[in-house]
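Chemist: Give the three-dimensional model of this entry:
(chains A, B, C and D)
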2 protein chains.
Amino acid sequence: MMKIGELSKVTGCSVQTIRHYEKEQLIASAERSEGNFRLYDEAAVEQLLFIKHCRSLDLSLPEIRQLLALNRSPGAQCDDVNRMMDRHIEQVEARIQELTRLNEQLRMLRRSCSNRRTVEQCGILRNLSATPVSSG
Amino acid sequence: MMKIGELSKVTGCSVQTIRHYEKEQLIASAERSEGNFRLYDEAAVEQLLFIKHCRSLDLSLPEIRQLLALNRSPGAQCDDVNRMMDRHIEQVEARIQELTRLNEQLRMLRRSCSNRRTVEQCGILRNLSATPVSSG
DNA sequence: ATAAACTCTATAACAACTATAGAGTCAATC
DNA sequence: GATTGACTCTATAGTTGTTATAGAGTTTAT
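Modeler: Model prediction:
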């Protein structure tokens, strides 16, 4: 059994984050030592790594909670898992498109000003004052 | 002179957002009517549209505050504006790359499970339990 | 006994809003 | 002139996923 500091080192999650996950019911409340310190076993390491992996894929804490619940009821159909992943992939792709458009606008704006002019002549500020970017 | 509700309609910013911008010093404190209602003129519309335009480009409120300050000192060199835009463009591009990698991993994961299996057999959950995605 | 390193809980901060409560203002209607 | 409804005011809490802090208690080593 290890204390929270060691769990933190092993998993790469900060101590506060682990306590936060407990409060948010992503991991079960840990056993406590006599002195009220949290105690963890290998299963806790596994579960925390699962969560960390999900977070690296930008899954939200509620989404992860749902996955963990499904994981605990092995007889359930996994259509729900698939639906969640599909929705998540859609969101990520929408965000990529959005940022790509944004990037084009920013680069266009950036080309409108070369250095060493005064702000008065700055194409960037002038274009930002005009309402639609595309018309500037 | 218009009240905050009309300014909100004209600019498409919510009433709370306008008050928030005032508190954050992005717009000057508005004049007040006898009954203590905020009163705005056309200049306020312009400035709010400028801010909205910057926000649509994902510029942060501190960045916008800086742009507005530069805008008010027309003699200044606009190198600062350029530097900010370059940094911002870099950030957006980094985020796009990150999300693109993420998307590949999500799609790979999604392919590992077809519908109508039980959770026990679900490739997605199995792969999430394995630590590195790339090896799954 | 004491110091260092660790842990505990509770609370605030971050960003950029959004939502709410409870009170005040204003114009129009009865 | 009282009341209704639409609007506005301030102050405060909630959102998301942490991170940071304060103040106290525990454990380990010296």
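
Chemist: what about the closest residue to DNA strand C within chain A, neighbour count?
Modeler: Closest to DNA strand C within chain A is A:Gly5: 2.4 Å, counting by C-beta to the nearest atom of the strand. In short, each C-beta sits where N, CA and C put it, glycine included. As a burial measure, A:Gly5 scores 12 neighbours (other C-beta atoms under 10 Å in any protein chain shown).

Chemist: before we move on, what SS does it have?
Modeler: Using DSSP: H, G, I helix; E, B strand; the rest coil, the structure places A:Gly5 in helix.

Chemist: give me the low-pLDDT residue ranges for chain A?
Modeler: By pLDDT under 70, the low-scoring segments of chain A are A:115-116, A:130-136.

Chemist: which parts of it sit against DNA strand C?
Modeler: Within reach of DNA strand C by C-beta under 7 Å from any atom of the strand, chain A has these residues: A:Lys3, A:Ile4, A:Gly5, A:Glu6, A:Ser8, A:Val15, A:Gln16, A:Arg19, A:Ala30, A:Asn36, A:Phe37, A:Arg38.

Chemist: same thing but at 6 Å, please
Modeler: Within chain A, the positions lying close to DNA strand C (C-beta under 6 Å from any atom of the strand) are A:Lys3, A:Ile4, A:Gly5, A:Val15, A:Arg19, A:Asn36, A:Phe37, A:Arg38.

Chemist: Could you list which of those residues also contact DNA strand D?
Modeler: With the criterion set as C-beta under 6 Å from any atom of the strand, the members of those near DNA strand D are A:Asn36.

Chemist: which residues sit in contact with A:Ala94?
Modeler: By C-beta atoms under 8 Å, 6 or more residues apart in numbering or on different chains, no residues touch A:Ala94.

Chemist: sorry, that was for A:Glu46
Modeler: By C-beta under 8 Å, 6+ apart, the neighbours of A:Glu46 are B:Ser129.

Chemist: Leaving out the residues flanking it, which one is nearest to the residue of chain A closest to DNA strand C?
Modeler: A:Val15 (6.3 Å; C-beta to C-beta, 6 or more residues apart in numbering or on different chains).

Chemist: go on, A:Leu61?
Modeler: A:Glu24 (5.7 Å).

Chemist: Roughly how far does the residue in chain A that DNA strand D sits nearest to sit from A:Ser29?
Modeler: Using C-beta to the nearest atom of the strand, the closest approach of chain A to DNA strand D is made by A:Gly35 at 2.1 Å. Distance, A:Gly35 to A:Ser29, using C-beta to C-beta, to the nearest Å: 17 Å.

Chemist: more crowded one of those two?
Modeler: Neighbour count, other C-beta under 10 Å: between A:Gly35 and A:Ser29, A:Ser29 has more, with 9 against 5.

Chemist: wait, doesn't the more buried one sit right on A:Lys23?
Modeler: No: using C-beta atoms under 8 Å as the test, A:Ser29 is too far from A:Lys23 to be in contact (9.3 Å).

Chemist: Sticking with A:Glu104, tell me its helix or strand.
Modeler: According to DSSP states H and E, A:Glu104 maps onto helix A:79-111.

Chemist: list the buried ones in that helix?
Modeler: A:81-82, A:84-85, A:88-89, A:92, A:95-96, A:99, A:102-103, A:105-106, A:109-110 (16 or more other C-beta atoms under 10 Å in any protein chain shown).

Chemist: ditto for stretch A:62-75
Modeler: For stretch A:62-75, using 16+ other C-beta under 10 Å, the buried residues are A:Glu63, A:Ile64, A:Arg65, A:Leu67, A:Leu68, A:Leu70, A:Asn71.

Chemist: Confirm for me that the second one is in contact with A:Ile27.
Modeler: It stands for A:Ile64. No: with contact defined as C-beta under 8 Å, A:Ile64 and A:Ile27 do not form a contacting pair (10.4 Å).

Chemist: Now for those two: what residues contact both?
Modeler: Joint contacts of A:Ile64 and A:Ile27 (C-beta under 8 Å, 6+ apart) are A:Ile51.

Chemist: Could you look up the SS state of the residue nearest to the spatial centre of chain A?
Modeler: Centroid-nearest residue in chain A, with C-alpha atoms, centre = their mean: A:Asp58, separated by 3.6 Å. Three-state assignment for A:Asp58 (three-state DSSP): coil.
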